[in-house]
Every structure is written in structure tokens, then in C-alpha cells.
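# Predicted coordinates and the sequence they were generated for:
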Amino acid sequence: MNDKQNLTLETRLVRSEHLTGSQVDNEWVMIDLDSGEYYGLNAIASDIWQRLAEPVLVADLCADLKQRYDVETERCEREVLALLRQMQEKHMLRVV
């Protein structure tokens, strides 16, 4: 599948291999080894990043996050998809 496809709840994603980083407290700091760009993720984005270590369906990711953070389904899906699209634009994710 093309990594630039439109993300939906039925998209399966995993982290890109060209990123490396580490967790500092509840946040992730990483570098893109191809571009040299640095990224920092807040606590919730870091939680999502950890879940992307293995391929995951966006719908399953949202269901887990909805329970963990007690957030409404529509808001969770909207905000998670927005974050994942930003990550996709920065080549941080692969569609599998």
C-alpha cells in the first residue's frame, strides 16, 4: 500500500524504521535518521507511538485509547487521526 494514502479507521500502521529515539519521563524524543529532523511527543502522543511499535489498526488503537483516557469516541477518532496524519506527513509511519 502507498504510505501517502488517506488514513481511515481501517488503516493498519506501524512506525517507520528510520526513526530512533528514547523515552524521557512520559515523552518520546527521536530523530529521523534520513532527514536529521528531531521530534518530541507529549505524553498521549508518546502512548500512541509506543502502540505503533507493532502493526495496529487505527480503529483498535482508538478503542484502546478511548478506554484508557475515558474520551468520547468521536473526539478520540478525530484527534488520533489528526495526529497520525501529521506523523504520516513527516514519514514517521508506514501503512502495512
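Here it is on my side, so go on.
# list the helices and strands the top helix by length along the chain packs on?
The helix that spans the most residues within the chain, counting by DSSP state H, is helix 73-89. Helix 73-89 is packed against helix 43-51, helix 58-69, with contacts defined by 3 or more Cβ pairs under 8 Å, 6 or more residues apart in numbering; DSSP states H and E. C-beta: built from backbone N, CA, C; applies to glycine.
# average pLDDT across it?
Per-residue pLDDT values over helix 73-89 give a mean of 96.
# Any chance of JSON lines for the helices and strands packed on helix 73-89, columns distance to residue 86, mean pLDDT and mean neighbour count?
Converted to JSON lines, those look like this (distance: least, Cβ to Cβ, whole Å; pLDDT from 0 to 100; neighbours: other Cβ atoms under 10 Å):
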{"stretch": "helix 43-51", "distance to residue 86": "9", "mean pLDDT": "94", "mean neighbour count": "17"}
{"stretch": "helix 58-69", "distance to residue 86": "14", "mean pLDDT": "96", "mean neighbour count": "16"}
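# what's the closest of these to residue 88?
helix 58-69 (11.0 Å; Cβ to Cβ).
# how far does that closest one sit from the chain's center?
Here the centre of helix 58-69 is set off from its chain's centre by 12 Å, with Cα atoms, centre = their mean, to the nearest Å.
# just checking, what packs against that helix?
Counting contacts by 3+ Cβ pairs under 8 Å, 6+ apart, helix 58-69 packs against helix 43-51, helix 73-89.
# can I get the ones you listed in a markdown table with distance to residue 23?
Formatted as a markdown table, these follow (distance: least, Cβ to Cβ, whole Å):
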| stretch | distance to residue 23 |
| --- | --- |
| helix 43-51 | 7 |
| helix 73-89 | 17 |
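# To residue 7, which of the ones you listed lies closest?
helix 73-89 (5.5 Å).
# which residues touch that closest one?
Residues from elsewhere that reach helix 73-89 (Cβ atoms under 8 Å, 6 or more residues apart in numbering): 3-4, 7-9, 13, 45, 48, 58, 61-62, 65-66, 69, 93.
# rerun at 6 Å
7, 62, 65, 66, 93 (Cβ atoms under 6 Å, 6 or more residues apart in numbering).
# Thank you kindly, that will do.
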